[in-house]
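A.B. asks: coords please:
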Amino acid sequence: MKKSILAVVLLLAAVVCAQAQNVSSLSKAARMAYDYLQSEGYKPTIDEDDDVAFKYQGYNCYVTNDNDDPTFLSMYIPGVYSVDLEDVSEEYSALSVCNQYNRGKKLVKATISTTGKVSFTAETYVGDATNMQEFIETALEFMVRGIGAWRDMYNEL
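C.D. replies: Presented below is the predicted three-dimensional model:
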């Protein structure tokens, strides 16, 4: 029994240590976002691409880790809708809705990937005085609202 408990404790310690090492390799912006998300109970993790992954209202969300541009912060919610790119009419409609949506927005943008997945992004640059709470909470709220607005616009088309 004692050996089992010791094995579990050692395993947990190794996971925590590995996570700490991953966090130290994050860019300034990604590390600030990770620290904020962790402090608010979001339970962020570092994924295989070294991006910060977390859940928000059932959506898989990410903060990109860009060591080439360490003060650039990009958050996104990928794949909220799939477009059949072989159907030219459907692709055109989805692109048209993205364009229409993006024209009226400042913080959040809708994009379609080369695989036909509609995603929502929010981007900014961070400094030492950046209010991470305000940016992250606003961006998440606007992205989730945007998903609903985009779907409504697409369905109306």
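A.B. asks: alpha carbons only for contacts and neighbour counts from here, please
C.D. replies: Will do.
A.B. asks: in terms of helices and strands, where is the nearest residue to Ile112 once chain neighbours are set aside?
C.D. replies: Here the nearest residue to Ile112 in space, its sequence neighbours aside, is Val118; by Cα to Cα, 6 or more residues apart in numbering that works out to 4.5 Å. Element membership of Val118 [criterion: DSSP states H and E] is strand 117-125.
A.B. asks: any buried residues in that strand, and which?
C.D. replies: Within strand 117-125, the residues scored as buried using 16 or more other Cα atoms under 10 Å are Lys117, Val118, Ser119, Phe120, Thr121, Ala122, Glu123.
A.B. asks: stretch 144-157 now?
C.D. replies: Buried, per 16+ other Cα under 10 Å, within stretch 144-157: Val144, Gly146, Ile147, Trp150, Met153, Tyr154.
A.B. asks: which among the buried residues of strand 117-125 gets closest to Thr138?
C.D. replies: Checking these against Thr138 by Cα to Cα gives Ala122 as the nearest, at 9.6 Å.
A.B. asks: which non-adjacent residue is nearest the closest one?
C.D. replies: Once flanking residues are discounted, Ala122 sits nearest to Val108: 4.7 Å by Cα to Cα, 6+ apart.
A.B. asks: that neighbour: what's it in contact with?
C.D. replies: Counting by Cα atoms under 8 Å, 6 or more residues apart in numbering, Val108 touches Asn102, Phe120, Thr121, Ala122, Glu123, Ala139, Phe142, Met143, Gly146.
A.B. asks: from what I can see the second one touches Val63, true?
C.D. replies: Think Phe120. No: in this structure Phe120 lies outside contact range of Val63 using Cα atoms under 8 Å: 12.0 Å.
A.B. asks: intersection of neighbour lists for those two?
C.D. replies: Taking Cα under 8 Å, 6+ apart as the contact rule, Phe120 and Val63 both touch Tyr76.
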